[in-house]
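S.K.: Give me a model of this one.
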Amino acid sequence: MQFTKLHGCGNDFVLVTDLDDSLDIPANLVRAVCSRHSGVGADGLIRLAPARDGESDVFMDYRNSDGSIVEMCGNGVRCVATYILNHRLMSGDTVRVGSRAGTKMVVVTDRDAAGKVTETLVDMGAPRHTGTVRLQLPSVEPFASELSATTVSMGNPHAVVLVDDVTKVPLEDWGPRIEHDPAFGEGTNVEFIEIRSDSVVGGRIWERGVGETQASGTGVSAMAVAAHLLGHTGRAVRVDVPGGALHVDWTETTLFVRGPAVEVFTGRLHETWLRHARE
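M.R.: As a prediction, this is how the structure comes out:
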């Protein structure tokens, strides 16, 4: 099985091309491939499949590193478009990527001197503010034990918590607690944000089914939306995450995310390893 490793601001993926829709990639194989010690290592696996409707060019069948099916991945769709154009599966500057959260339009915003795509912008669609949730958490200095989360849907669920200093958040403890809080029936992605200016937000991400990630397209979208709803920023912001910076522009009708997409390497999974991974 051939694969390509890509990332968007450190949010990394193993992409497998399956345009004839013939591959069976069960959850245990996804977990094995995404393992950072015994596999390729990634936050998730993308199966690049044929379009499922007349609105898309391709379909992004995305699984988190734990093998769970995911509705949407903003950095994933940008990496898909970059792969398609740089491997000449399509021409032009626009790719319509189908997902379980609908079709997302990805547009090239920068190329290198050789013409390779290096940066893309994705239309994520309109966010939906779904409410506010009070969270009871173990007391950790300098935080209160009760925090408020702004909940946002980007086709998948997010809970965004505003703090003074994201570096002090005990993410390994609080992330899974909030992800599985009874308030979120199917779990939630979790983001902690700090306000650095009226146009810059800093944050950290606990991704449902993955753990801490360096970046997240839907996550930075939810961060920007929450920061604006809480009255701290405008609608166009830069979101700084551990893997780099992504730019979010929330208009009256939709939300755009712009940032880098990088191909790292290609390879082939060894047949012996695959046989054991499937067992």
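S.K.: Pop the domain breakdown of the protein in here.
M.R.: Listed by automatic domain parsing, the domain ranges of the chain are 2-125+260-278, 128-253.
S.K.: Show the end-to-end separation of the longest one, please.
M.R.: The first and final residues of domain 2-125+260-278 sit 16 Å from each other (Cα to Cα, to the nearest Å).
S.K.: Once you drop chain neighbours, what's closest to the most centrally placed residue in the chain?
M.R.: Nearest residue to the geometric centre of the chain (Cα atoms, centre = their mean): S216, 3.4 Å. Take S216 and drop its neighbours on the chain: the residue closest to it by Cβ to Cβ, 6 or more residues apart in numbering is I205, 4.9 Å away. Where you see a C-beta, it was placed from the backbone N, CA and C, and this is true even at glycine.
S.K.: could you say which helix or strand contains the one you found?
M.R.: Using DSSP states H and E, I205 sits within strand 200-207.
S.K.: List the contacts of that strand.
M.R.: By Cβ atoms under 8 Å, 6 or more residues apart in numbering, the list of residues contacting strand 200-207 from outside reads 43, 64, 166, 169, 171, 174-176, 178-179, 189-196, 212-216, 219-220, 223-224, 227, 233, 237-242.
S.K.: What's the local residue count around E191?
M.R.: Neighbourhood size, E191 [other Cβ atoms under 10 Å]: 32.
S.K.: was I right about it contacting A222?
M.R.: Yes: the criterion here is Cβ atoms under 8 Å, and E191 meets it with A222 at 5.9 Å.
S.K.: And stretch 20-34, what's buried?
M.R.: Using 16 or more other Cβ atoms under 10 Å as the test for burial, stretch 20-34 gives 25, 29-34.
S.K.: what's the first-to-last distance across that stretch?
M.R.: From its first residue to its last, stretch 20-34 covers 23 Å (Cα to Cα).
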